[in-house]
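Novice: Quick one, what's the 3D model for this:
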Amino acid sequence: MLRAQGNTLVLMSGGIDSTAVARFHVEAASPSVVGLFVDYGQPPAQREFEAADAVTKYLGVPLRFLQVRGATRKTAGLIFGRNAFLLSVALLESNPDTSIISIGVHAGTSYRDCSPGFIRLMQHLADLYSGGTVQISAPFLHWTKTQIWAYFVERGLPLQLTSSCELGESTPCGNCLSCVDRSRLLLNAGP
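Specialist: Below is the predicted model of the structure:
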């Protein structure tokens, strides 16, 4: 059960999952929903930011931007520590009015940082720092991508505003895991 006494900070990537999560929290009547986009040097950062900006404007949600560059070049695909980093940065960027930090992780992936155990670990970290006042939320943790897509379509969310390609080219590559996943959704569970 979500503790919605304060504001909700939603990690935004500009993709289907984070768009659906932001809509979920708007519907949950949180006192205030704010998006946070983090440019951590990922190849599609510019495209992701443009999509996150368009999506949050569509939802009427303000968007914060944070740029944090590491010492190594990030590549498409698995980035070790990505979700732990993003949730930690969101905790760092939260304020005393924030009671929920939300992320769009979901079932059906082999990524360890998309598991219930991972979310529990991150909740322990949030409890340590916030004294239990901030909840880590992953509302679609037990949903498949197909279920999230059905929610996305049912809510009439604008697919054309989102971006999913891991390479960040002007035209989606069609080959990365995110492009393949998106193509599969459109083919098998289209609107």
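
Novice: List the neighbours of stretch 75-92 that are in contact with it.
Specialist: Under the contact criterion Cβ atoms under 8 Å, 6 or more residues apart in numbering, stretch 75-92 has outside partners 9, 11, 36, 38, 40, 42-43, 66, 68, 101, 103, 105, 111, 113-114, 118, 122, 125-126, 129-130, 134, 136, 166-167, 176-177. C-beta: built from backbone N, CA, C; applies to glycine.

Novice: whoops, I mixed them up, stretch 180-191
Specialist: Contacting residues not belonging to stretch 180-191 are listed as 16, 145-146, 149-150, 153, 159, 164, 172, 174 [Cβ under 8 Å, 6+ apart].

Novice: can you map out the helices along the chain?
Specialist: 16-27, 45-59, 82-93, 116-130, 145-154, 177-188 (DSSP state H).

Novice: For the ones you listed, which has the smallest mean pLDDT value?
Specialist: For these, the weakest mean pLDDT is recorded on helix 177-188, namely a mean of 80.

Novice: Show me the contacts of stretch 75-92 that map onto strands.
Specialist: Among the contacts of stretch 75-92, the residues falling in strands (DSSP state E) are 9, 11, 36, 38, 66, 101, 136.

Novice: possible to save those residues as TSV with pLDDT and neighbour count?
Specialist: Compiled in TSV, the ones in strands among the contacts of stretch 75-92 are given as follows (pLDDT from 0 to 100; neighbours: other Cβ atoms under 10 Å):
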residue	pLDDT	neighbour count
L9	97	28
L11	98	23
L36	98	23
V38	97	24
L66	96	14
I101	97	28
I136	97	21
